[in-house]
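K.L.:
Below are the sequence and a predicted model; questions follow.
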Amino acid sequence: MNQVVQSPASRKLDTVIAAISDPTRRAIVERLARGPASISDVAAPFPMSLTGFIKHVRVLERAGLVRRTRSGRENTLELSAEPLRDVATWVFSYASFWNARLDQFERHFAQQKERR
């Protein structure tokens with residue numbers, strides 16, 4: 001069985017995409033996009049234990065999407081959106097592919113309309 005050898009950049013992209021694949025983690029990212037907040041404030045709306053919430057935060061930290069700072073007993077979370085730029089760049093690299101396909105669909109439906 002052939003195994004694909006991934007570059008470090010590809011592995012990082014995989015980590016970020018896996019992190020944002022979960023709706024809870026996307027909601028955390030959306031909340032932090034409005035500004036830094038304490039863990040307890042960010043966790044409050046989620047129907048889960050703080051321990052469960054922290055597990056989501058750790059996944060986001062490993063992906064480089066969230067930074068945690070401590071000041072005494074207070075833990076603050078802050079969004080680090082740079083890894084999302086890498087995801088957007090990768091997705092955008094397929095824009096010409098999709099634009100070509102959509103142009104083909106448009107031509108196909110225009111031809112169908114002309115035949116009627």
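P.N.:
Now that the structure is in, tell me what you want to look at. Numbers count the residues shown, from 1 in each chain.
K.L.:
CA atoms for contacts and neighbours, from now on please.
P.N.:
Fine.
K.L.:
which residues in this structure form strands?
P.N.:
For the chain, applying DSSP state E gives strands covering 37-38, 66-71, 74-79.
K.L.:
okay if I get those strands as a markdown table plus mean neighbour count, distance to K113 and mean pLDDT?
P.N.:
Output for the strands of the chain, formatted as a markdown table (neighbours: other Cα atoms under 10 Å; distance: least, Cα to Cα, whole Å; pLDDT from 0 to 100):
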| stretch | mean neighbour count | distance to K113 | mean pLDDT |
| --- | --- | --- | --- |
| strand 37-38 | 16 | 55 | 96 |
| strand 66-71 | 14 | 51 | 94 |
| strand 74-79 | 18 | 49 | 95 |
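K.L.:
Show the contacting residues for the most centrally placed residue in the chain.
P.N.:
Closest residue to the average C-alpha location of the chain: I20 at 3.5 Å, with Cα atoms, centre = their mean. By Cα atoms under 8 Å, 6 or more residues apart in numbering, the contact list for I20 reads R26, L60.
K.L.:
sorry, back to before: closest to R11 out of the strands of the chain?
P.N.:
In terms of Cα to Cα, the element of the strands of the chain nearest to R11 is strand 66-71, at 17.8 Å.
K.L.:
Sheet-wise, list the partners of the closest one with their directions.
P.N.:
The strands beside strand 66-71 in its sheet (DSSP bridges) come out as strand 74-79 (antiparallel).
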